[in-house]
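> this one's sequence-less:
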């Protein structure tokens, strides 16, 4: 079979709001879903200024750790569970999602991946998306054993763990550059 | 039962995608990470991804020329092509979202202050799902070039923004489609941020007379290639490398 070269990435530019926001974008699960949690965050640049023309997307397993996808043959996901979220940033760089906490995922050799959410960040000035992961603060033991998180220095790991807010939300701020810069991944 | 991870997707050769820090494009200055990226092994979350259906589409999403009950101004074109993976296999049921400036190079967005008029009948966004053969098609207006403030006398070549979901988180791609023989390529840092010349050429559509329709619209073809899947050694052909 002939291998084809991939189409290169380009920036979303400043006008993604024309096409990419969806009315139900932040609803990984519908409003009123029992056990749903709200994740909030803020996207900032190297000067600490908000990025008002960005887009954050998420992808995650359901509470049983399953994906609605042919590469996951373990069974159907929870009804109404989309697994995907998309939220444009507002003028203050803020974004949010309504979701359920994902379950742990099986890994090789009987190991386990801690519950996590994959994140893509798009913005003017980003020629390619940036990828990161959110982990959960109430999963300390699982986080310590997580095969991805373990490859990071301890101070870097902490930056990928959601923070509990007084109002019950979980917070994940994303800083593209400067201290504390969010750890990003290449795929 | 032993758990075996599904195969991942091949990484792209160096030079396929732009670096995050590209001095020619000023907006990258405060928006690129300065720490090295960590390798994310492709596990279940990365080899799966959202799959969308026709319920994401509304009637008319594949025709950008008829917004608000009238005809958009400009050169009517049909853009079509296939979404393929790196092995040339069609990617069916892929969500393709597009957005663009109007014939005068103006976006319908509050931030766009370029003094070229908005067109009341052109909103500038569309949405398609690829068919079983990976094919998509939409009707639009050829976008105009427009100035921006990146450098003195800077003009963006005419382009259409594309956002694509394949079958996996790993295959997610946002790119721009350009038009053949654009004289503005030489001074555009976004186009030229792609290091490899052959890769850059893959962002340029080709004129397609077979799709051009008499007294109606010009045709352009644009295939998009997403990552191909890793193979086990005995699955690949001996001369593959």
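All right, it came through fine. None of the values given here were measured: they were computed from a predicted structure. Numbers count the residues shown, from 1 in each chain, chains lettered A, B, ... in the order given.
> Please count neighbours and contacts with C-alpha atoms only from this point.
Noted.
> What ranges does the chain have for its helices?
Answering for chain A, as no chain was given. Ranges of helices in chain A, per DSSP state H, are A:140-145, A:154-158.
> actually chain B
With DSSP H as the criterion, chain B has helices spanning B:44-47, B:189-192, B:197-201.
> And for residue A:92, nearest residue in space, chain neighbours not counted?
Spatial nearest neighbour of residue A:92, chain neighbours left out: residue A:50 (5.3 Å); criterion: C-alpha to C-alpha, 6 or more residues apart in numbering or on different chains.
> Any stretches of chain B with poor pLDDT?
Under the criterion pLDDT under 70, the flagged ranges of chain B are B:1-2, B:232-241.
> what's across from the residue most central in space within chain A in the sheet?
By C-alpha atoms, centre = their mean, chain A has its centre lying nearest to residue A:119, at 2.7 Å. On the basis of DSSP bridges, residue A:119 is bridged to residue A:58, residue A:132.
> Now do the same for it: its pLDDT.
For residue A:119, the pLDDT comes out at 98.
> show me where pLDDT drops low in chain A?
A:1.
> where do the strands sit along it?
Counting by DSSP state E, one finds strands in chain A at the ranges A:37-44, A:54-60, A:84-88, A:94-99, A:105-106, A:112-113, A:116-123, A:130-135, A:163-164, A:170-171, A:174-175, A:185-186.
> Identify the residues contacting the fifth one?
Residues lying outside strand A:105-106 but in contact with it, judged by C-alpha atoms under 8 Å, 6 or more residues apart in numbering or on different chains, are A:65, A:66, A:112, A:113, A:114, A:115, B:3, B:44.
> Including neighbour count, could these go into CSV?
As requested, these are exported to CSV (neighbours: other C-alpha atoms under 10 Å in any protein chain shown):
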residue, neighbour count
A:65, 22
A:66, 24
A:112, 16
A:113, 21
A:114, 26
A:115, 22
B:3, 11
B:44, 25
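> Closest to residue A:91 out of those residues?
residue A:115 (30.6 Å; C-alpha to C-alpha).
> any idea what sits nearest the closest one, other than its immediate chain neighbours?
Using C-alpha to C-alpha, 6+ apart and skipping the chain neighbours, the partner closest in space to residue A:115 is residue A:104 (4.5 Å).
> For the one you found, give me its contacts.
So residue A:104 contacts A:64, A:65, A:112, A:113, A:114, A:115, A:116 (C-alpha under 8 Å, 6+ apart).
> let's see 10 Å
In this structure, residue A:104 makes contact with A:61-66, A:112-116, A:139, A:142, A:146, judged by C-alpha atoms under 10 Å, 6 or more residues apart in numbering or on different chains.
> That one and chain B, how far apart?
11 Å (C-alpha to the nearest C-alpha, to the nearest Å).
> Report how many residues lie close to residue A:86.
By other C-alpha atoms under 10 Å in any protein chain shown, 25 other residues sit near residue A:86.
> how close does it sit to residue A:35?
Taking C-alpha to C-alpha, to the nearest Å as the measure, residue A:86 falls 20 Å from residue A:35.
> try residue B:110
For residue B:110, the distance to residue A:35 equals 38 Å [C-alpha to C-alpha].
> just residue B:95 next, same as before
30 Å.
> and the two? which has more neighbours close in?
A direct count of neighbours by other C-alpha under 10 Å for residue B:95 and residue A:35 places residue B:95 higher, at 24 against 8.
> OK, contacts around the residue nearest to the more buried one when sequence neighbours are not counted?
Among residues not flanking residue B:95 along the chain, residue B:129 sits closest, at 4.6 Å (C-alpha to C-alpha, 6+ apart). Taking C-alpha under 10 Å, 6+ apart, we find residue B:129 in contact with B:52-54, B:56-57, B:62, B:92-97, B:135-137, B:164-165.
> if I read this right, residue A:62 contacts residue A:69, doesn't it?
No. Using C-alpha atoms under 10 Å, residue A:62 is not in contact with residue A:69, being 11.8 Å away.
> Now the common contact residues for these two.
A:76, A:77.
> out of the two, which sits in the more crowded spot?
residue A:62 (25 against 18).
> And that one, how far from residue A:130?
With distances taken as C-alpha to C-alpha, residue A:62 is found 23 Å from residue A:130.
> ok, now residue A:88?
Per C-alpha to C-alpha, residue A:88 is found 15 Å from residue A:130.
> Look at the two and report which has more neighbours.
residue A:88 (25 against 22).
> beta partners for that one?
Applying DSSP bridges to residue A:88 yields these beta-bridge partners: residue A:55.
> who are the neighbours in contact with it?
Taking C-alpha under 10 Å, 6+ apart as the contact definition, residue A:88 lies against A:16-17, A:20-22, A:25-26, A:52-57, A:94-96, A:121-123.
> Any quick ChimeraX command for the buried ones out of those residues?
Applying 16 or more other C-alpha atoms under 10 Å in any protein chain shown to the contacts of residue A:88 leaves a buried subset, and the ChimeraX line that selects it is:
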select /A:16,17,20,25,26,52,53,54,55,56,57,94,95,96,121,122,123
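> ok, which pair from the contacts of strand A:105-106 is furthest apart?
A:115 and B:3 (17.4 Å).
> longest strand in chain B, by residue count?
strand B:76-85.
> Tell me which other helices or strands that one touches.
Contacts defined by 3 or more C-alpha pairs under 10 Å, 6 or more residues apart in numbering or on different chains; DSSP states H and E place strand B:76-85 against strand B:135-141, strand B:218-221, strand B:224-226.
> do the first one and chain A meet?
Right, strand B:135-141. No. Remark: strand B:135-141 sits outside contact range of chain A, by C-alpha under 10 Å from any C-alpha of the partner chain, the gap being at least 14.4 Å.
> and the angle for that strand with strand B:76-85?
Interaxial angle, strand B:135-141 versus strand B:76-85 (axes from the mean of the first three to the mean of the last three C-alpha atoms, to 10 degrees): 150 degrees.
> Let me know which of the helices and strands packed on strand B:76-85 is tucked in deepest.
Compared across these, strand B:224-226 shows the largest average neighbour count, a mean of 27 (mean count of other C-alpha atoms under 10 Å in any protein chain shown).
> wait, does that one contact chain A?
Yes. Judged by C-alpha under 10 Å from any C-alpha, strand B:224-226 comes into contact with chain A at B:224, B:225, B:226.
> So the second one versus residue B:132, what's the distance?
In other words, residue B:225. 16 Å.
> With the first one instead?
Applying C-alpha to C-alpha, the value for residue B:224 to residue B:132 is 15 Å.
> What of the last one?
From residue B:226 over to residue B:132 the distance is 16 Å, taken as C-alpha to C-alpha.
> what about stretch A:66-80 and chain B, touching?
Yes. Stretch A:66-80 reaches chain B (C-alpha under 10 Å from any C-alpha) through A:66, A:67, A:68, A:69, A:70, A:71, A:72.
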